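Trainee: coords please:
(chains A and B)
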Amino acid sequence: MVRVRLVNLCKYFGKVKAVDNLNLDIKDSEFVALLGPSGCGKTTTLLMIAGIYKPTKGYIYFDEQIVNDLPPQERNIGMVFQNYALYPHMKVYDNIAFPLKIKKVPKKEIDKRVREVARFLRIEDLLNRKPSQLSGGQQQRVALARALVKQPQLFLMDEPLSNLDAKLRVIMRAELKRLQKELKITTIYVTHDQVEAMTMADRIAVLNMGKLQQYGDPGELYNKPANLFVAGFIGTPPMNFLEGSLIDKEDTMLIDFGEFSLTLPENIVSILREVNASSEIIFGIRPEDVFIGKQGELEGEVYVVEPLGKDIIVHVNLGGNKRIRAILSAEKAPSMSSKVKVSFDMEKVHIFDKKTEKAYI
Amino acid sequence: MNSKSIYRSKIRKYRIKKALTMLFVYSVLLIPLIPILLMLGWLFAQSFSEGPTNTVIPRGFTLENFKFLWARIRFGLSEYPTIWPLVMNSLIIAIATVAFEVPIAALAGYSLSRMEFKGRTETMRLIIALHAFPGVILLIALFYILNRMGLYGKGLLTLLGVALIKAGLSVPMDTWILKGFFDGIPWELEWAALVDGASRFKAWRKVLLPIIAPGISAIAIFSFMSGWGEFLLAYTYVKRKELYPLSVFLYSVLGEFVFVDWGLLAAITLFYIAPILLFYALTQKTLLKLQLVGAVKG
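Mentor: The predicted model follows:
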């Protein structure tokens, strides 16, 4: 169980800044997800923590020790790769036993530990098979067994669920979370799937283009996104964004969206005035905070309706090119092309500076 | 009705075209084989016949020619106690060639595939440029080198010298081939081994080598065959009759006098190529498995 700290961590490949000045503090026994789109630097960061890549700049601390120059063999980590990387020429038993054999653990002890971990992950009857004879889910559990058998202090996972079918993925998400809570091993989990990150992690570090966007627990990221990127990345269906300008009248403030405008409540107005918000802003509202019905400040026309079962997603044209999504329960479904009134839950509104993309609200 | 008959004629045309193509392909494949099969047939026939024959049919039937397997060989003015020391010589060259080529190619192939070092690109370019180098033209230069190294005229060491040269000329190609195999292994397998506690060398030995085993077998087989079949270098550098490998011995059987004992010649040749044929037949399966390298999911 170890505390990992990344201090000003950078990794450059020639001119490309894969990881740019990353600062992260991962507590002992915590489950942290590195979340972001492809190419954002999350796997590179993980490989640096593993010791496979050397940082270009900055430091990695395991507890109080700088480990930049410590080779992966000495870091006592367990790692699961996206495609499991099982040794194809060895049976499952030998795959799991491999780390212990390298450490020259006595045979009896190896046998005990391998069977223990196999039982824990419910793969005891697969011990004599070769990786090519296993299904995806089984291979993944063998990879987990191999990572866990040496009782590592740090557990690293690189998109371990992305090669599984959807149903298995949902099951394994819960299993992995449960596993981590039981074993209390510090875990760093790389994924591009925000649902995985939100459901499994204690805290999530959102990365984009090598830079940390925000680091917090799922609730924080969902309710208080720090910038446009995080706001649009977390949550499904994604947040609605509308460009507009702030019009500061003496007693009130509006957002002018062109074809229509929206009055802002007092508490928001005072915050915006306090921080001297620029006039060019982007307005954000999540689909579940958009109300469609007979009452509302704005008018719109239903563009399309997407049924999801219990809920439906309604796309509404507000005028001009501005279209937003709302989530309603299925009974309230309006029909296509009908005229509706739209209003927002003003407590849940987000306002971002158009240029810096940072959140004011 | 109409469409049905058009359909049927199209199928017929297609089938005829296919048959003609197959006929063409098989002729191209089989026709060049005919001379080779005839020659092998002659070899077989001659080794069992009493006198010389020009065809695939033996003249008489005898096992006299195969006496060399247990008795003294006598032809012309030369005499050999038995053939087996000569077999040993060929074996020494063949095995030494494998022993030199395989470890060097395996280590070098890995370095070129996985390591960053100065001169990596130049080395690869050099390998491409030299891979089909005609070693024959180096005969005289090699003599000087062998002499300097103390490997000329030193009995068994000369045989090793021959193996060394043979290996040296093939190592670039072998390295390139094994590099290709290493390239085909996903990085994650090596990373997994490192994370599991293996040093780079251990990871190479315990994880990567077993995965490219087909490649290594192929290299081993081909270098064995090249060592076993080596003639020119051995003929040039090996001067003592007792140290002749089978290839040189065969040549000497041929060149003694005008009269040639065809039966003996054919029998010894058959004996000479038999191990290769056997070897190749046994390793067919491994060689054909060459396409399946690496078993990582996805």
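
Trainee: Contacts only, for B:A281.
Mentor: Going by Cβ atoms under 8 Å, 6 or more residues apart in numbering or on different chains, B:A281 touches no other residue. Every C-beta, even on glycine, is put in place using the N, C-alpha and C of the backbone.

Trainee: I'd guessed A:A85 sits against B:E188; true?
Mentor: Yes - the pair A:A85 / B:E188 is scored as a contact, 3.8 Å apart, by Cβ atoms under 8 Å.

Trainee: These two: which has the busier surroundings?
Mentor: Neighbour tally, A:A85 and B:E188, criterion other Cβ atoms under 10 Å in any protein chain shown: the higher count belongs to A:A85, 28 against 19.

Trainee: Confirm that the more buried one sits in a helix.
Mentor: No - counting by DSSP: H, G, I helix; E, B strand; the rest coil, A:A85 falls outside a helix, being coil.

Trainee: any idea how far it is from A:R75?
Mentor: 17 Å (Cβ to Cβ, to the nearest Å).

Trainee: so the residue in the stretch 51-200 of chain A that chain B sits nearest to, which of the three states?
Mentor: Nearest residue of the stretch 51-200 of chain A to chain B, counting by Cβ to the nearest Cβ: A:P88, 3.1 Å away. Assigned by three-state DSSP, the conformation of A:P88 is coil.

Trainee: okay but it is in contact with A:P131, surely?
Mentor: Yes - between A:P88 and A:P131 there is a contact at 5.5 Å, judged by Cβ under 8 Å.

Trainee: higher neighbour count, these two?
Mentor: A:P131 (23 against 20).

Trainee: residue boundaries of the helices in chain A?
Mentor: A:42-50, A:92-102, A:107-120, A:136-148, A:166-183, A:194-200, A:218-223, A:228-233, A:266-274 (DSSP state H).

Trainee: Dump the ones you listed into JSON lines; add mean neighbour count, distance to chain B and mean pLDDT as well.
Mentor: Below are the helices of chain A laid out as JSON lines (neighbours: other Cβ atoms under 10 Å in any protein chain shown; distance: least, Cβ to the nearest Cβ, whole Å; pLDDT from 0 to 100):
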{"stretch": "helix A:42-50", "mean neighbour count": "24", "distance to chain B": "6", "mean pLDDT": "94"}
{"stretch": "helix A:92-102", "mean neighbour count": "22", "distance to chain B": "4", "mean pLDDT": "93"}
{"stretch": "helix A:107-120", "mean neighbour count": "15", "distance to chain B": "13", "mean pLDDT": "92"}
{"stretch": "helix A:136-148", "mean neighbour count": "24", "distance to chain B": "6", "mean pLDDT": "92"}
{"stretch": "helix A:166-183", "mean neighbour count": "15", "distance to chain B": "14", "mean pLDDT": "90"}
{"stretch": "helix A:194-200", "mean neighbour count": "20", "distance to chain B": "18", "mean pLDDT": "93"}
{"stretch": "helix A:218-223", "mean neighbour count": "17", "distance to chain B": "28", "mean pLDDT": "94"}
{"stretch": "helix A:228-233", "mean neighbour count": "22", "distance to chain B": "25", "mean pLDDT": "94"}
{"stretch": "helix A:266-274", "mean neighbour count": "14", "distance to chain B": "48", "mean pLDDT": "84"}
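
Trainee: For these, give me CSV that also has distance to B:E122.
Mentor: Output for the helices of chain A, formatted as CSV (distance: least, Cβ to Cβ, whole Å):
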stretch, distance to B:E122
helix A:42-50, 29
helix A:92-102, 35
helix A:107-120, 46
helix A:136-148, 39
helix A:166-183, 47
helix A:194-200, 46
helix A:218-223, 51
helix A:228-233, 44
helix A:266-274, 63
